[in-house]
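Asker: missing the sequence, but the structure's below:
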């Protein structure tokens with residue numbers, strides 16, 4: 001069973017930068033996309049940014065201009081760089097990798113990391 005291991009996060013001063021990485025153990029047949037979502041306390045989990053193997057990216061309006069997302073050539077690791085952090089960036093950040101296990105699998109499945117907390121004080 002593949003799993004995702006996240007690293008990074010923690011306490012960051014306003015205006016600082018954050019780098020999160022998420023690595024998948026095990027090989028898969030195909031990767032559709034990878035990305036990061038975040039959940040603030042009492043709120044729903046929202047998109048931060050995603051990337052496809054082709055390099056197409058989507059990011060939330062709230063992080064546009066501050067975010068860089070990348071996927072390694074092996075398609076096992078996704079990295080999020082977020083600059084100029086604000087208190088509203090506080091939350092638990094979850095890694096997502098949408099993968100197909102085998103060539104004849106019925107479709108893509110979503111793998112989620114356990115979440116890593118980020119706190120930006122006001």
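Answerer: Okay, I see it. Being a predicted model, the structure only gives us computed values, none of them experimental.
Asker: just the buried residues of stretch 30-50, please?
Answerer: 31, 33, 34, 35, 36, 37, 38, 45, 48, 49, 50 (16 or more other Cβ atoms under 10 Å). The C-beta positions use only the backbone N, C-alpha and C, and glycine is treated the same way.
Asker: what are the phi and psi angles of the closest residue to the last one other than its chain neighbours?
Answerer: Read it as residue 50. Spatial nearest neighbour of residue 50, excluding adjacent residues (Cβ to Cβ, 6 or more residues apart in numbering): residue 35 at 3.1 Å. Backbone torsions of residue 35, given as degrees, to the nearest 10, read phi -180, psi -170.
Asker: tell me who's in contact with residue 35.
Answerer: By Cβ atoms under 8 Å, 6 or more residues apart in numbering, residue 35 lies in contact with 47, 48, 49, 50, 51, 58, 69, 78, 95, 96.
Asker: quick one: pLDDT of it?
Answerer: With respect to pLDDT, residue 35 has a value of 98.
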